[in-house]
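S.K.: Would you be able to build a 3D model of this:
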Amino acid sequence: QVQVVESGGGLVQPGGSLRLSCTASGMIFRVFVMSWYRQAPGKQRELVAALTTTGTANYLDSIQGRFTIFRNNRENTVYLQMDNLKPEDTAVYYCNARVSTLETPTDGVNYWGKGTLVTVSS
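M.R.: Numbers count the residues shown, from 1 in each chain. Below is the predicted model of the structure:
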């Protein structure tokens, strides 16, 4: 089994910063991509940022220049540094890890964390 656990959410004022962390653990053979998604009330879940093990990053247009995704490959941990936060960034942020396991080392499967709430409000 694979577990994905996020941390670091909370309440922050507009213009403030937060750093989210996510660690994937368990019977992991290989990590392909680790990503952050978010879901605001009444809206669909959307991809915020994704990072491959080779360092290729993709970002949602609306957070370009404000958020940075980076990872520690040895610890299967990914971070999302969020700066200059805006009220519209308020959402539950979910981590996704696409990994293969020891049982199926060539098949990538998506595993999700339970999410961490980020609230941007004055």
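S.K.: Ser121 versus Leu60, what's the distance?
M.R.: Per Cβ to Cβ, to the nearest Å, Leu60 is found 21 Å from Ser121. The way it works is simple: take the backbone N, C-alpha and C, and place the C-beta from them, glycine included.
S.K.: cool, and Arg45?
M.R.: The spacing between Arg45 and Ser121, counted by Cβ to Cβ, is 21 Å.
S.K.: more crowded one of these two?
M.R.: More neighbours sit around Arg45 than around the other of Arg45 and Ser121, counting by other Cβ atoms under 10 Å; the figures are 15 against 10.
S.K.: how deep is the closest residue to Asp89 other than its chain neighbours tucked in, by neighbour count?
M.R.: By the measure of Cβ to Cβ, 6 or more residues apart in numbering, the closest residue to Asp89 outside its immediate chain neighbours is Val120, 5.2 Å from it. Counted with other Cβ under 10 Å, the neighbours of Val120 add up to 19.
S.K.: quick one: pLDDT of Val120?
M.R.: We have a pLDDT of 98 for Val120.
S.K.: now do Cys22
M.R.: Note on Cys22: pLDDT of 98.
S.K.: Can you list the helices and strands that the host helix or strand of it packs against?
M.R.: Cys22 is located in strand 18-26, with elements delineated by DSSP states H and E. Contact analysis of strand 18-26 by 3 or more Cβ pairs under 8 Å, 6 or more residues apart in numbering; DSSP states H and E lists strand 2-7, strand 28-39, strand 77-82, strand 91-101, strand 116-120 as its packing neighbours.
S.K.: Kindly recompute the last result at 6 Å.
M.R.: Packing contacts for strand 18-26, counted by 3 or more Cβ pairs under 6 Å, 6 or more residues apart in numbering; DSSP states H and E, involve strand 2-7, strand 77-82, strand 91-101.
S.K.: tell me the contacts of Pro105?
M.R.: Applying Cβ atoms under 6 Å, 6 or more residues apart in numbering, we find Pro105 in contact with Phe29.
S.K.: Geometric centre of this protein: which residue is closest?
M.R.: Among the residues of the chain, Trp36 comes closest to the average C-alpha position under Cα atoms, centre = their mean, at 2.6 Å.
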